[in-house]
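# would you be able to build a 3D model of this:
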Amino acid sequence: MSRKIKFLIITAIILALLVGHANAVPNPLPGEGNHTLILYGVHPNAKSNEVITSFLAEHPDIRWHESAYNETYEYVYVTPVNECSEQLVYLNKIGIDERNEPSIVSVRIIGCDEILPLDPLFQFPEVFENYSSLSGDQDLMDYIEENIPGRCAEVERSDSETDVYFIDDAGTFTEYTVTIEKGLFTDDVVYSTFISEEYFTINKSEAQAEALGQRPGWNHTGETILKINDDVFAWEIPVSNGSGEDTIIIPVELREGYSVMKTEPKATPGFDLSVTILGIGAVLVLIARRRN
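Numbering: from 1, shown residues only. The predicted structure is shown next:
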């Protein structure tokens, strides 16, 4: 075989390799590739959330997209491609390294035809279902939307009253507490209280350290709450040593210059109108009785 023919063969092989490499897709383009793996690549925290991984195991063929909530958070929608009867949506913090920081606030599974309202009810649907009057407290709704609290707790004060705590402790610990009076068929918000750890002489970290100092070798086993009872303030910190559990109470005082105010909820739109209608109805009944 002549050198010229060998040269032509080698050249043809090199060109074929170059063309094949040029046509290859090193990264999946939109609409291509395994969308579950792409989701895990873009949002690594999704892999550590049991609800999300279970949903993806049940629905391996999915599409997903993001939708802005505010400057700090976004919604991530995960929708099955075939026979969609439900979809998953979760609230995710943006602008952080998801491989090293938690980002998922809450996860919900909704119907594929359901339109998710971009409002605070998303984060604690069961609490708002249990206490319908909460949605009438506009200050609470503003707090949830602005702070994105990560957890909620219910504590009974008595047979007729319950405190519902909305807590944001991702940075500075803040808490919005709603005291609810429970009736036979309805519930009413009596008053609400906003507090921050900055108000008090001992913050959350200091209180937890003091609690563990009282129980050497014990660990935190639950979520810390800052409770207010009759203007007495105290951190409640659940701890355990593996064989027993306890709740350590760390009393605190207000720092100079701070005060805690209890506020009545803003009126729910339409409430005054309904009262007026009922009043008119009562007058009409009285008039009718007098005529008879």
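# okay, now the unreliable bits of this protein?
1-33, 70, 115-122, 266-292 (pLDDT under 70).
# make it 50
For the chain, the stretches flagged by pLDDT under 50 are 16-31, 268-292.
# which stretches in it count as strands?
Secondary structure of the chain by DSSP state E: the strands cover 62-68, 73-80, 86-93, 104-111, 151-156, 161-168, 174-182, 187-196, 219-220, 225-229, 232-240, 245-252, 262-263.
# which of the residues in the third one are buried?
Taking 16 or more other Cβ atoms under 10 Å as the neighbour-count basis, strand 86-93 is seen to contain the buried residues 87-93. C-betas here are computed from N, CA, C, even on glycine.
# out of the residues you listed, what pair is the most spread apart?
Maximum pairwise distance in the buried residues of strand 86-93, criterion Cβ to Cβ, is 20.7 Å, between Gln87 and Lys93.
# returning to that earlier point: reformat the strands of the chain as a markdown table; add distance to Glu206.
A markdown table is the format used below for the strands of the chain (distance: least, Cβ to Cβ, whole Å):
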| stretch | distance to Glu206 |
| --- | --- |
| strand 62-68 | 37 |
| strand 73-80 | 29 |
| strand 86-93 | 26 |
| strand 104-111 | 26 |
| strand 151-156 | 20 |
| strand 161-168 | 17 |
| strand 174-182 | 16 |
| strand 187-196 | 14 |
| strand 219-220 | 14 |
| strand 225-229 | 12 |
| strand 232-240 | 9 |
| strand 245-252 | 8 |
| strand 262-263 | 26 |
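# quick one: which of those strands is nearest Asn45?
strand 104-111 (5.3 Å).
# neighbours around Ile109, how many?
Counted with other Cβ atoms under 10 Å, residues neighbouring Ile109 total 15.
# ok, it - contacts?
Going by Cβ atoms under 8 Å, 6 or more residues apart in numbering, Ile109 touches 51, 55, 86-89.
# what do you get for Ile144?
Ile144 is in contact with 120, 123-124, 166, 176, counting by Cβ under 8 Å, 6+ apart.
# of the residues you listed, which is the most crowded?
Phe166 (25 neighbours).
# partners of it in the sheet?
According to DSSP bridges, the residues that bridge with Phe166 are Cys152, Tyr176.
# and Asp188, how close does it get to Ile228?
Relative to Ile228, Asp188 is positioned 19 Å away (Cβ to Cβ, to the nearest Å).
# Pro125 now?
The value you get for Pro125 to Ile228, if Cβ to Cβ is used, is 26 Å.
# neighbour count winner among the two?
A count of neighbours by other Cβ under 10 Å puts Ile228 above the other of Pro125 and Ile228, at 16 against 12.
# so that one bridges to which residues?
Counting by DSSP bridges, the residues bridging with Ile228 are Phe233.
# got the contact list for it?
177, 193, 195, 260.
# who wins for neighbours among those residues?
The member of those surrounded by the most neighbours (other Cβ under 10 Å) is Thr177, with 23 neighbours in all.
# now do the same contact list for the residue lying closest to it once chain neighbours are set aside.
Nearest residue to Thr177, sequence neighbours excluded (Cβ to Cβ, 6 or more residues apart in numbering): Thr193, at 4.7 Å. Thr193 sits next to 176-177, 179, 228, 260-263 when contact means Cβ under 8 Å, 6+ apart.
# and of these, the nearest to Ser160?
Using Cβ to Cβ, the contacts of Thr193 come closest to Ser160 at Thr179, 10.8 Å.
# touching, the closest one and Asp188? I think so.
No: contact between Thr179 and Asp188 fails when scored by Cβ atoms under 8 Å: they sit 9.8 Å apart.
# higher neighbour count, these two?
More crowded of Thr179 and Asp188, by other Cβ under 10 Å: Thr179, with 17 against 14.
# and the gap between the closest residue to that one other than its chain neighbours and Tyr176?
Excluding the flanking residues, the one nearest Thr179 by Cβ to Cβ, 6+ apart is Val190, at 4.7 Å. The spacing between Val190 and Tyr176, counted by Cβ to Cβ, is 14 Å.
# tell me who's in contact with Gln123.
91, 105-106, 144, 148-149 are the contacts of Gln123 under Cβ under 8 Å, 6+ apart.
# please apply the same query to Arg157.
Here Arg157 is in contact with 163, 179, 229 (Cβ under 8 Å, 6+ apart).
# which one of these sits closest to Tyr199?
Looking at the contacts of Arg157 and their distance to Tyr199, the nearest is Asn229, at 15.9 Å (Cβ to Cβ).
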